[in-house]
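Asks: Here you go, sequence then predicted model.
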Amino acid sequence: MVKPVYALVGPDPFLQLQKLAQIVKQMPADVQRIDVDGERAELSEVLDELRSFAMFGGAKLVAVRNGDELISRFREPMEEYVERPSESSTLILRLNALNKTHRIAKFIAKTGVIEQCDPPPAAALPKWIVQHGKTVHKVTIDADAAQLLAELVGADLGRLDTEIAKLALFADDGRVTADKVTTAVAFQREQEVRDMTIELATGDVHAAVKRWRQLVQVDKSAEFKAVTWIGMWLEDVGAVVRGESTGKLTWKYKDRMPQFLRVAQRLGKPGHAHALDRLAEVDQQSKTGVGDAAENVEQFILMTSRQ
């Protein structure tokens, strides 16, 4: 039976979305779903949605990403709501953290469900990769292949899911070996773009530009991949400039974490906002054929070194 309140707690958005999908599957096919951003949403609007009936009958679900921000801004009324939630709707809060000693956590545990969405520790990540490949992508992943994937991608479960899906396409015999991981062209190109982004993120702009120029010679879709990876880097920068915990980023930047933090702090809030706007322009230009896409990305890389 679906509960009126769920808290999906943890740093991994992939696990949160998996849990969200599982909840939706339990609801009627005609469920009316409303997604809101906790950083911008007004509580009155959220509560109006929860307390009103679905437009076409059936159930109603309100999913709040960045739910920590909504709770932070409206703690007392949020506590009041989750203590006595509407029985005709379901509220799903996607949270980075939830202190179980706080009143709101106790109320959610009483009227709903708290689901932990923490990625497995590094030592258990290869096992997760093997199991996920088997159950979701119907492919057998060798132990050494799983270890290699864990080392290359880290504990980003969404990225791992994408890479396993790609590798499954190459596994005609239903088996992924370490050699297949190493030689999968799409994977390798993705890793090159990732490495270029790490160089950019840690202040090695010369190396980033050099790698970028090499990439565009062999991969015609590189500019689209670059926009995605640079966008992920700017999300990480956003965490720094907002003063959030950066512990979950250590696996990505590893021994270059101090350089990443210096670049992020140098950008600051104004530089971060400007970079987001400029990246959106680059993305739009690439999709509409304005200018040379590869050149647009290179100019973005060089721009960050001047901020």
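Replies: On my side now, so go ahead.

Asks: name the helices or strands packed onto the lengthiest helix in the chain?
Replies: Longest helix in the chain, counting residues (DSSP state H): helix 257-288. If you count contacts as 3 or more CB pairs under 8 Å, 6 or more residues apart in numbering; DSSP states H and E, helix 257-288 packs onto helix 185-201, helix 222-241, helix 250-253, helix 293-306. C-betas here are computed from N, CA, C, even on glycine.

Asks: so can I have a markdown table of these showing mean pLDDT, mean neighbour count and distance to S88?
Replies: Output for those, formatted as a markdown table (pLDDT from 0 to 100; neighbours: other CB atoms under 10 Å; distance: least, CB to CB, whole Å):
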| stretch | mean pLDDT | mean neighbour count | distance to S88 |
| --- | --- | --- | --- |
| helix 185-201 | 83 | 19 | 45 |
| helix 222-241 | 90 | 19 | 35 |
| helix 250-253 | 82 | 18 | 42 |
| helix 293-306 | 87 | 18 | 48 |
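
Asks: Mind pulling up the pLDDT for the spatially most central residue of the chain?
Replies: With distances taken as CA atoms, centre = their mean, the chain has P13 as the residue nearest its mean C-alpha position (4.9 Å). On pLDDT, P13 comes in at 89.

Asks: what's the helix or strand for the closest residue to it other than its chain neighbours?
Replies: Of all residues not flanking P13 in the chain, G158 sits nearest, at 6.5 Å (CB to CB, 6 or more residues apart in numbering). According to DSSP states H and E, G158 maps onto helix 157-170.

Asks: so what does that helix touch, helix or strand wise?
Replies: So helix 157-170, by 3+ CB pairs under 8 Å, 6+ apart, packs with helix 13-25, helix 125-135, helix 143-153, strand 175-176, helix 178-183, helix 185-201.

Asks: List the strands paired with the shortest one, with their directions.
Replies: Yep, that's strand 175-176 we're talking about. strand 140-141 (parallel) (DSSP bridges).
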